[in-house]
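Colleague: when you get a sec, could you give me coordinates for this:
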Amino acid sequence: MSGQLIIFWIVTLVTVLSAATVVFSKNLIYSAVALLFTLLGVAGLYVFLWADFIAVTQILIYVGGILVLIIFGIMLTHRITSVRLSHSSMQRGVGGAIVLVIFVGLTSMIFRAPWYRVAAVEPQETVRQIGRLLMIDYLLPFEVASVLLLVALMGAALLSRKVD
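Modeller: Reported below is the predicted structural model:
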């Protein structure tokens, strides 16, 4: 087993285990920290796909922006220690059955698909092409998305304020 394959499986294991911790943890802070490792693991998987720009974007936007916003929201919430995250649901069996059907379907598709093994060639200059598209061809949608994120941030700050 090569070193790259070992690192890939370590990144994959950390991503899956931290995602499970996000879902099953009863403490919001632990879930937020586990979400940090999940998002970093996804960025690591992008690196293995030679999507360097997407990996850096994942770290900057999700880890640097969204996760910090989530942690601020947790810290600014009053009486966060009295919140119970575990609750019983009447539909757990139905949800579990749906998840099982989807899992079996995806697993059967993976084993039945004709996988073609071709030596992959690393793409050249992906950042330059993506930067040109974002800053020239799609500048208006990029700016609209940034204004939308700013409005969402201001709305979250307004909702977290104490009402007198």
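Colleague: rest of the way, CA atoms for contacts and neighbours
Modeller: Noted.
Colleague: list the buried residues of the host helix or strand of residue 140.
Modeller: According to DSSP states H and E, residue 140 maps onto helix 139-160. By neighbour count, with 16 or more other CA atoms under 10 Å as the criterion, the buried positions of helix 139-160 are residue 160.
Colleague: that helix - contacts with which helices or strands?
Modeller: Using 3 or more CA pairs under 8 Å, 6 or more residues apart in numbering; DSSP states H and E, the elements in contact with helix 139-160 are helix 67-76.
Colleague: and for the helix it packs on, what's in contact with it?
Modeller: Contact with helix 67-76 is made by 28, 29, 32, 35, 36, 80, 153, 156, 160, as judged by CA atoms under 8 Å, 6 or more residues apart in numbering.
Colleague: wait, the last one sits on residue 153?
Modeller: No. Taking contact to mean CA atoms under 8 Å, the distance of 10.7 Å between residue 160 and residue 153 leaves them out of contact.
Colleague: tell me how far the spatially most central residue of the chain lies from residue 6.
Modeller: Closest residue to the average C-alpha location of the chain: residue 39 at 4.6 Å, with CA atoms, centre = their mean. According to CA to CA, to the nearest Å, residue 39 and residue 6 sit 20 Å apart.
Colleague: returning to that earlier point: give me the nearest residue to the residue nearest to the centre of the chain, chain neighbours excluded.
Modeller: Spatially, and ignoring its direct neighbours in sequence, residue 39 is nearest to residue 63 (6.5 Å; CA to CA, 6 or more residues apart in numbering).
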